[in-house]
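Participant: One predicted model, sequence on top.
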Amino acid sequence: MTEEEKVCFLFSVIKNFFLLISGMCRFRISHPGKVLMDMILTTIGRNRPRCGHKRWRGMTSFLLAGYSPVYVFQICSVLYVFFTLHSGITQAAPLSGLAGDPARSVLQLDGTSGLNQTREMSHSAGRTILSPTDIDFLTTGDRWCAEDEPPVLLIFVISAAENREQRQTIRESWGSVAKQRLSRTRVIYVVGIPQSHALENPGIMEESLAHGDILQINALDTYNNLSVKSVAMLKWVTLFCPNVKFVVKTDDDTFVNSPLLVSDLSNIVHERFIMGDIIAGAQPIRDKKSKYFTPKSVYSGQTYPNYVSGAAYVISGDIIPSLFEAAKKTSLFWLEDVYVTGLLARKVHAKLIFNGKFAHRDKMLAPCQLKKKIIALHRIKPQEMLNAWKLTNGELGCK
């Protein structure tokens, strides 16, 4: 084989490999990726007489056919994350707003700078409409529900890219219920892009490939973007798992008594509901010094609609598509629980169900009380979470 033939063969392999990725992985290569593809195909075109030879086409097809689907999927995942992080983020250097400018692929709800006063000045924050095309999945996980026995319960843990310790703690504690096939439960961690906006984030890539449970979206990891992450959850379920029976949204600092949760949900007969700790009559905080300051330009009402605490709540799967459709027509609001379980829930006439097992805030609980009467505890540190799991999962002899 001559040097020219070797080069031609290499380009043929690259071309067919990219076509294979596009077909099997079904992801969209961003603009710089497309430019690179054009350069490759142009180079191949210059060698068209040799590259079109059946000998090279056949050899390429043979080699590609020899890859197992697992290897192809892993390579697809690596290349997808590479092209997204090295092209989608760099295009989005000027960060402001959610919609209206397709070039801005990193989402940031107005007022996420940490200065509460910006919410007073940012009148567009209360009128931002979240288009379904605004949220992109940097890791899709589209096969999480494509199983012989798809999950009955999906638990979405809202996290941040840098919170790896919290995620690992959950995997080793209450999240381990996902390893029990009979539970038919899957735990998914929703993360965004670090505020440092670093182009290289190998930790998330490695973690995603190692555990296969990371759903990364094109939104900055900020407090105000919690609503965006929850809408991403609604979108993902609508697209990839529309028949799931229950969806739980929680935070990475919340301990979830997963065995008790699974047990309680097995007895649920309600439809189109959101269940958890209901908060009624809450008023917007108008104090500019408060972390939760909300100006009238963003929310003009005197009270919020009844909503469910965002530390942990359950949504029946039959109402998820309706909530997502409502999100596309409802001004995005920065308080996630008020937005999803209050504003959106009211629009789709969701039934709010109070469950006292979600309402406990006291960490000093007797082991039997924790095991049998508590589903969610918020603001739990990693070591506290491990201790709680040992108490919950142990043989305590509770009556």
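Facilitator: Nice, thanks for sending it over. The structure presented is a predicted model; accordingly, all values stated were derived computationally and were not measured. Numbering: from 1, shown residues only.

Participant: all helices of the stretch 101-250 of the chain, in order?
Facilitator: 117-121, 164-172, 202-211, 226-240 (DSSP state H, counting those that start in this stretch).

Participant: helices or strands up against the last one?
Facilitator: If I follow you right, that is helix 226-240. Helix 226-240 sits against strand 153-158, strand 185-193, strand 214-220, strand 246-251, helix 320-327, helix 336-337, with contacts defined as 3 or more Cβ pairs under 8 Å, 6 or more residues apart in numbering; DSSP states H and E. Heads up, the C-betas are built off the backbone N, CA and C, glycines and all.

Participant: what about stretch 143-155, start to end distance?
Facilitator: Distance between the boundary residues of stretch 143-155 (Cα to Cα, to the nearest Å) amounts to 16 Å.

Participant: in it, what's buried?
Facilitator: For stretch 143-155, the neighbour count (16 or more other Cβ atoms under 10 Å) marks 144-145, 151-155 as buried.

Participant: now stretch 295-302
Facilitator: 295, 298-299.

Participant: Could you export those to CSV, including columns for secondary structure, pLDDT and distance to residue 250?
Facilitator: Below are the buried residues of stretch 295-302 laid out as CSV (DSSP: H, G, I helix; E, B strand; the rest coil; pLDDT from 0 to 100; distance: Cβ to Cβ, whole Å):
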residue, secondary structure, pLDDT, distance to residue 250
295, coil, 92, 29
298, coil, 90, 26
299, coil, 92, 24
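
Participant: so which of the residues you listed comes closest to residue 138?
Facilitator: Minimum distance to residue 138 across these is 28.5 Å, recorded for residue 298 (Cβ to Cβ).

Participant: how far away is that closest one from residue 286?
Facilitator: As for residue 298, its distance to residue 286 is 11 Å (criterion: Cβ to Cβ, to the nearest Å).

Participant: if we can go back for a sec, let's have the helices of the stretch 101-250 of the chain in JSON lines, adding distance to residue 310 and mean pLDDT.
Facilitator: As requested, the helices of the stretch 101-250 of the chain are arranged in JSON lines below (distance: least, Cβ to Cβ, whole Å; pLDDT from 0 to 100):
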{"stretch": "helix 117-121", "distance to residue 310": "18", "mean pLDDT": "33"}
{"stretch": "helix 164-172", "distance to residue 310": "16", "mean pLDDT": "97"}
{"stretch": "helix 202-211", "distance to residue 310": "23", "mean pLDDT": "87"}
{"stretch": "helix 226-240", "distance to residue 310": "7", "mean pLDDT": "95"}
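
Participant: Ok, which of these comes nearest residue 308?
Facilitator: Minimum separation from residue 308 across those (Cβ to Cβ) falls at helix 226-240, 11.9 Å.
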